[in-house]
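*Asks:* test case, fold it:
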Amino acid sequence: MSTPTSDPEWLTADEQRAWRAYLRASRQLEVALDRDLQAHGLSLAEYEIISMVSEAPGRRLRMSHLADMVVQSRSRMTHTAKRLEARGWVERVPVLDDRRGVELVLTDEGWNALDKASRVHVEGVRAHLVSVLSPEEFLALGSAMARVSAGLTGQPGIPMSAL
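*Replies:* Numbers count the residues shown, from 1 in each chain. You can find the predicted model right below:
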């Protein structure tokens, strides 16, 4: 790794305020949404996983793909899947056409838990984020974050509908 030869382009005072506001608010939002779900027996990370699986064909997703979707390491995904499996909400099964892979399959019990949790989650998202912003601000936020995500994944130009 080489040593930088010049100073970075430091943030302006306005950029610094915006950056810090983003960091604080994004962390506060995650804590609030997680707290809302914890009162109903699951974490935000667990909710995100079973939600993604519920939207997949056959309510099943390859665990490695799911880990990428929710930005978790493979080992963290495995630990979370074990917790969900112990509750009877998912099953881990070999991929039908590739015995090396593992799919997470949402059970009927998991579907029922998700149905209850999704109501809590959407109320929290609406109360803590959507209702705080104007419709234009909310759509601009989504568009901006899709661009950030695309830049980080090296896939510029991904439309929000694909995320």
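*Asks:* list the contacts for residue 153?
*Replies:* Residue 153 makes contact with no residue, according to CB atoms under 8 Å, 6 or more residues apart in numbering. (Glycine included, C-beta is placed from N, CA and C.)
*Asks:* begin at 22 from now on, thanks
*Replies:* New numbering, starting at 22: the last item is residue 174.
*Asks:* elements contacting the biggest helix by length in the chain?
*Replies:* Counting residues, the longest helix found in the chain (DSSP state H) is helix 34-59. Using 3 or more CB pairs under 8 Å, 6 or more residues apart in numbering; DSSP states H and E as the contact test, the elements touching helix 34-59 are helix 65-76, helix 129-149.
*Asks:* quick check: angle from that helix to helix 129-149?
*Replies:* 140 degrees (axes from the mean of the first three to the mean of the last three CA atoms, to 10 degrees).
*Asks:* flag every buried residue along helix 34-59.
*Replies:* Of the residues in helix 34-59, 50, 53-55, 57-58 count as buried by neighbour count, 16 or more other CB atoms under 10 Å.
*Asks:* now this protein, which segments are flagged as low pLDDT?
*Replies:* 22-25, 176-184 (pLDDT under 70).
*Asks:* hang on, the earlier thing: of all the helices and strands packed on helix 34-59, which lies closest to residue 102?
*Replies:* helix 65-76 (7.5 Å; CB to CB).
*Asks:* and after the closest one, which helix or strand comes next?
*Replies:* strand 81-83 (DSSP states H and E).
*Asks:* phi and psi next, for residue 150.
*Replies:* Per-residue torsions, residue 150: phi -140, psi -60 (degrees, to the nearest 10).
*Asks:* distance of the residue nearest to it when sequence neighbours are not counted from residue 32?
*Replies:* Closest residue to residue 150 in three dimensions, ignoring its sequence neighbours and counting by CB to CB, 6 or more residues apart in numbering: residue 50, at 6.1 Å. Distance, residue 50 to residue 32, by CB to CB, to the nearest Å: 22 Å.
*Asks:* ok so, going back, nearest to residue 116, of the helices and strands packed on helix 34-59?
*Replies:* helix 65-76 (14.0 Å).
*Asks:* distance from the chain centre to the closest one, please.
*Replies:* 8 Å (CA atoms, centre = their mean, to the nearest Å).
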